[in-house]
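# only geometry, no sequence info:
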């Protein structure tokens, strides 16, 4: 059986490697899925205690739900789906660990509790993240006085309960249920104060938690396949979390406890007056017509409007007119790691045109037009110089260095960080208000008529 687990592990590793680039991500996902199939098959055939009828029923139900997700979920809803899947992964680990405790023979109580703690925390936290992404819960940080103290108290209570298990003060079953309840509360308490600006980091961190929970459960039931796959998920999730934190120039502790996204004022206590210049799509098209190099910067507004396909049409039309068009992708643009890459890949945008932060920033200095589609905090120059800003120090896309910056937004509302974007008032910036898809359709029509 371990030979099959080894084959599965190799598939997982190759899959992860290929997921590191958009060109190979699809095949990487397929290879990893084959590895998981091998691991599941090896586990099923090695155990003589499983009811195959129930297994088949589970496959049918789970496969039907998975097929429904695959065919019905839009690319713009991927962050929510990833959050739910993280929750299901953590919940499954907690259920398996609970079953080993509640049915004989007795299992290692400490490992049971660790698996239940991480799995339940991941489950409740992931569904709070889903609620924030879907709009069921406010995307802004929900904070109250003494909140961090309550979280610390819940975690301390879990440690104390684990410590007194062998003292006979409480029976193991009471301690188990108390840890289960406290873990559920802790997951909610840790995620609910985190704002939408930090959702990419939260999703990545919860993904790591689900892997760690699976690893603990693997040790509990003695399944090498679960240990390997959980370790890979946990490690890759932590690495991705670190990359996301570097992309915002913030520590993980600051993400968890910083509550970025609350309504804040500027450093002097008042919002600064800005000279906003509103242009029509006709005027924007004329500026585009005179340009030679254009960089498109997508953000969450593009995802909400489902405008990735028309954005590609605009780019294709401009390229057909002999213009150079590139895409600038910030690592934390959107609501999950790689959100913009996934959307643009769905629209068949060439991978060679997608440039990350380090690649694209030097290009802005000789760029004629930077077209901002729903991005906000990731293009705010305040991050470079305003030490009172919550995004100070975050690496941003240097769109303000372009000759002209065309900014598309539905309104002047701030981004997830809850702060004013000083870029909107720059002399070289113009605003074209409206839904991204409608604006781009109008812009495309105007470009073709020039």
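All right, it came through fine. Values in this document were obtained by computation on a predicted structure and should not be read as measured data.
# C-alpha from now on. contacts and neighbour counts both.
OK.
# other SSEs contacting the worst-scoring helix or strand of the chain on mean pLDDT?
Least confident element among the helices and strands of the chain, by mean pLDDT, DSSP states H and E: helix 252-257 (a mean of 74). Counting contacts by 3 or more Cα pairs under 8 Å, 6 or more residues apart in numbering; DSSP states H and E, helix 252-257 packs against helix 224-248.
# residues contacting the helix it packs on, please?
Residues from elsewhere that reach helix 224-248, judged by Cα atoms under 8 Å, 6 or more residues apart in numbering: 2, 5-6, 8-9, 12-13, 39, 200-202, 204-219, 251-252, 255, 330-332, 337, 391, 393-395.
# buried ones only from the residues you listed, please, as a ChimeraX command.
Isolation of the buried members of these (16 or more other Cα atoms under 10 Å) is achieved in ChimeraX through the command below:
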select :5,6,8,9,12,13,39,200,201,202,204,205,206,207,208,209,210,211,212,213,214,215,216,217,218,219,252,255,330,331,332,337,391,393,394,395
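# where does the stretch 101-250 of the chain dip in pLDDT?
By pLDDT under 70, the weakly predicted segments of the stretch 101-250 of the chain are 196-197.
# check which residues of the strand or helix carrying residue 122 are buried.
Using DSSP states H and E, residue 122 maps to helix 109-134. By 16+ other Cα under 10 Å, the buried positions in helix 109-134 come out as 109, 112-133.
# ok, residue 187 touching residue 125?
Yes. Counting by Cα atoms under 8 Å, residue 187 touches residue 125, with 4.3 Å between them.
# next, name the residue at the spatial heart of the chain.
residue 336 (2.2 Å; Cα atoms, centre = their mean).
# name all residues that make contact with that one.
Applying Cα under 8 Å, 6+ apart, the residues near residue 336 are 79, 199, 200, 201, 203, 204.
# nearest to residue 446, of these?
Of all those, residue 79 has the smallest distance to residue 446: 33.6 Å, by Cα to Cα.
# give me the nearest residue to the closest one, chain neighbours excluded.
Take residue 79 and drop its neighbours on the chain: the residue closest to it by Cα to Cα, 6 or more residues apart in numbering is residue 336, 5.6 Å away.
# how many neighbours does residue 321 have?
13 (other Cα atoms under 10 Å).
# contacting residues around residue 348?
Neighbouring residues of residue 348 by Cα under 8 Å, 6+ apart: residue 312.
# what of the one 3 residues further on?
When the contact criterion is Cα under 8 Å, 6+ apart, the partners of residue 351 are 22, 23, 345.
# now, which of the residues you listed sits nearest residue 149?
Of all those, residue 149 sits closest to residue 22, with 42.4 Å by Cα to Cα.
# name the nearest residue to the closest one, sequence neighbours excluded.
Sequence neighbours aside, residue 351 is the residue nearest to residue 22 in space, at 6.8 Å (criterion: Cα to Cα, 6+ apart).
# show the pLDDT at the one you found.
At residue 351, the pLDDT value in this model is 85.
# phi, psi for it please.
Dihedral angles of residue 351 (phi, psi; degrees, to the nearest 10) stand at phi -60, psi -30.
# the contacts of residue 336 in helices, which ones?
79, 199, 200, 201, 203, 204 (DSSP state H).
# residues near the first one, how many?
Read that as residue 79. Neighbours of residue 79 (other Cα under 10 Å): 23.
# show me what contacts it?
If you count contacts by Cα under 8 Å, 6+ apart, residue 79 has them with 130, 133, 203, 335, 336, 339.
# could you do the second one as well?
Residue 199 makes contact with 129, 335, 336, according to Cα under 8 Å, 6+ apart.
# again with the third one
Remark: with contacts taken as Cα under 8 Å, 6+ apart, residue 200 is in contact with 244, 332, 334, 335, 336, 337.
# rerun at 10 Å
79, 240-241, 244-245, 331-339 (Cα atoms under 10 Å, 6 or more residues apart in numbering).
# with the fourth one instead?
The neighbourhood of residue 201, defined by Cα under 10 Å, 6+ apart, consists of 194, 207, 237-238, 240-245, 247-248, 252, 255-256, 332, 335-337.
# roughly how far does it sit from residue 333?
Using Cα to Cα, to the nearest Å, we find residue 201 at a distance of 11 Å from residue 333.
# same check on the last one?
Note on residue 204: its distance to residue 333, by Cα to Cα, is 14 Å.
# would you list every one of the helices in the stretch 301-450 of the chain?
308-320, 339-346, 357-360, 382-385, 436-449 (DSSP state H, counting those that start in this stretch).
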